[in-house]
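[1] Can you look at this prediction? I've put the sequence above it.
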Amino acid sequence: MDYGIKTGEAGKTKTTCLMVGIFSDGKLSHSAKELDKLSKGNLSGQIKAYSFSGEIGQSQLLLEQPGIIAKQILLLGCGNEEKLNAEKFKKIYALAAATLKKHAIVDSASTLIELSVNGTSEQTKLCLATQAQEATLYAFDQFKEKPKKKKAEPKKHFYLTPNNKAAQKGLEQGKAIAGGICLAKDLGNLPGNICNPTYLANEARKLSRQFKSVSTQVLSDAELKKQGLNSLLAVSQGSDQPAKLIIMQYNGGKKGDKPEVLVGKGVTFDSGGISLKPGAGMDEMKYDMCGAASVFGTMQALAELGLAINVVGIVPAVENMPSGGACRPGDIVKTMSGKTVEILNTDAEGRLILCDALTYAAKYNPAHVIDIATLTGACVIALGAHASAVYSNDEDLTGAIIDAGKDISDRGWPMPMWDEYQDQIKSPFADIANIGGRPAGSITAACFLSRFTKDYSWAHLDIAGTAWVSGGEKKGGTGRPVAMLTQYLINAAAN
Ligand code: BES
Ligand code: MN
Ligand code: ZN
């Protein structure tokens, strides 16, 4: 959908559908009061007639009201006025967009930017509203037969709000982040037979064609071998698909400015390798490149915004398959760092490709390095779907990441990485083992990565629980944590 800002009175707004907020117990928002006056009490009469209580999740479409130009009015429940927060605000706008879609309403306007949302600026409100609507209108239907008769689709939405710099910035950021989320969802949803390492490499090349500010470099097997990324290659060696190390450089800052480096796990399918996963739900391991997808989405968003910052996106891309050539439990590999790893479980492959990519990242003399990975099932158990786990060797960086996520309603939560956990990944034969047993599985995976990130400020996001919705009808990529990462970079560019 296209978005714009309109000023002026709600009652005089020319639109098919005008959205207004109603709080709990039918309490009218500012604009609802205005419309009620213009309609000589008709609006509040309808609210009573429909027993519209104003809870979040409630909506009611009304036909023409006397004294109001808009052809329809959409009442949206906003819950308790004092308790409205960013999460709820997004829910309200998601329902708004779902209603537009359901009723094939092409053009619409909303008055809800006027609501006060706890801890949220004018700018962020527009950003959140746009993200929420786009997320709802998203569809992944490229592999389905096209319907013969297509329903009309929502095309244009105006926010009724003073047209100032903050509003425009919020809208611009909302559109860019929503676009990045859409790209990340698409890449995640694509099946493993299409979205393989080579596909991801081409996707990076596409970004650099789209944006002059982005340049792409792709390292293939021979070059990776030459540079000693043996741990990454060990994961890839059981697959017929060649591995790629994809590097995207965005230059928006000054020449000498140290870059922010994002490293995204790009396992385009994770069968587990010789430590084969059970069959049920294995299809979802096509999502094991969602860390990479979030790097692509964030690169696109920041290039679109033209942020004044240097950013490097690194994606180690491999497929983890079992074959006669696959690596086996017990194999010992020498990582790019020189440290050796005993591969006790070939299904703990994410850390094996990340450790080399993280060593490679040091070449860029980074300000910070953030890796993003669907790393452990244990993280899903720990935090579920509501927060990405944040590990770091730098408290300031943890704070910056978590604050950014809080602002944009894409949460992270700090996790411990105490030295005592490091004992779990000792190996009798090599410098490190690639698994640390069942207790604290997400933490020991982070501990493994920490061995390769001593030379710079680093954070690791375990997004196994947040990157996609599992099973059922709603199965699909979420595009997380594109919003968190983009907000982090927006903040970093401003400092
Ligand atoms: N990609 C998986 C992690 C995963 C599992 C993400 C389920 C989302 C849902 C990762 O490569 C993996 O297999 N991890 C193992 C590690 C174990 C062998 C130490 C896991 O979590 O079971
Ligand atoms: Mn695995
Ligand atoms: Zn994996």
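    That came through fine. Ligands and ions are numbered 1, 2, ... in the order given.

[2] Next to ligand 1, which bits of the protein? Give me the list.
    Residues of the chain lying near ligand 1 by C-beta under 6 Å from any ligand atom: 270, 288, 345, 347-350, 374-378, 380, 435, 441, 464. All C-beta spots, glycine's among them, are computed from the backbone N, C-alpha and C.

[3] Narrow those to just the buried residues.
    Those of the residues of the chain next to ligand 1 that meet the buried threshold are 270, 288, 347-350, 374-376, 378, 380, 435, 441, 464, by 16 or more other C-beta atoms under 10 Å.

[4] a markdown table for these, including distance to ligand 2?
    Shown next, in a markdown table, are those (distance: C-beta to the ion, whole Å):
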| residue | distance to ligand 2 |
| --- | --- |
| Asp270 | 4 |
| Asp288 | 7 |
| Asp347 | 4 |
| Ala348 | 6 |
| Glu349 | 5 |
| Gly350 | 6 |
| Thr374 | 9 |
| Leu375 | 9 |
| Thr376 | 9 |
| Ala378 | 12 |
| Val380 | 13 |
| Ile435 | 10 |
| Gly441 | 12 |
| Ala464 | 10 |
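
[5] so which residue of the stretch 301-450 of the chain comes closest to ligand 1?
    Gly377 (3.4 Å; C-beta to the nearest ligand atom).

[6] Please give me every residue in contact with that residue.
    441, 464 (C-beta atoms under 8 Å, 6 or more residues apart in numbering).

[7] which strand residues sit across from the residue of the chain found nearest ligand 3 in the sheet?
    Closest approach between the chain and ligand 3, counting by C-beta to the ion: Asp270, at 3.7 Å. Note on Asp270: beta-bridge partners by DSSP bridges are Asn320.

[8] between the residues of the chain next to ligand 1, which is closest to Lys156?
    Thr374 (36.1 Å; C-beta to C-beta).

[9] Before we move on, what's the pLDDT of the residue nearest to that closest one when sequence neighbours are not counted?
    For Thr374, ignoring the flanking residues on the chain, the nearest one in space by C-beta to C-beta, 6 or more residues apart in numbering is Ala464 at 4.6 Å. As predicted, Ala464 sits at a pLDDT of 98.

[10] hang on, isn't Ala464 packed against Ile381?
    No - applying C-beta atoms under 8 Å, one finds Ala464 not in contact with Ile381, separated by 9.4 Å.

[11] just to revisit the earlier point, tell me the spacing between the residue of the stretch 301-450 of the chain closest to ligand 1 and Glu145.
    35 Å (C-beta to C-beta, to the nearest Å).

[12] same check, this time on Gly330
    Taking C-beta to C-beta as the measure, Gly330 falls 48 Å from Glu145.

[13] Compare the two and say which is more crowded by neighbours.
    Per other C-beta atoms under 10 Å, whichever of Gly330 and Glu145 has more neighbours is Gly330, with 11 against 6.

[14] Can you tell me the number of residues neighbouring whichever residue of the stretch 101-250 of the chain sits closest to ligand 2?
    The nearest approach of the stretch 101-250 of the chain to ligand 2 comes at Val235, 9.1 Å away (C-beta to the ion). The tally of other residues near Val235 (other C-beta under 10 Å) stands at 29.

[15] helix or strand for it, which one?
    helix 230-236 (DSSP states H and E).

[16] Show the average pLDDT along that helix.
    On average, helix 230-236 scores 99.

[17] and the helix or strand just after it, which strands flank it?
    For helix 230-236, the succeeding helix or strand toward the C-terminus, using DSSP H and E, is strand 244-251. Paired neighbours of strand 244-251 in the sheet (DSSP bridges): strand 214-220 (antiparallel), strand 310-320 (antiparallel).

[18] Tell me which of these sits nearest to Ala362.
    strand 310-320 (10.9 Å).

[19] close to ligand 3, is the closest one?
    No - taking C-beta under 5 Å from the ion as the criterion, strand 310-320 and ligand 3 are apart, separated by no less than 6.5 Å.

[20] starting at the chain centroid, how far to the strand or helix carrying Asn202?
    Assigned by DSSP H and E, Asn202 belongs to helix 197-210. With C-alpha atoms, centre = their mean, to the nearest Å as the basis, helix 197-210 stands 19 Å off its chain's centre.
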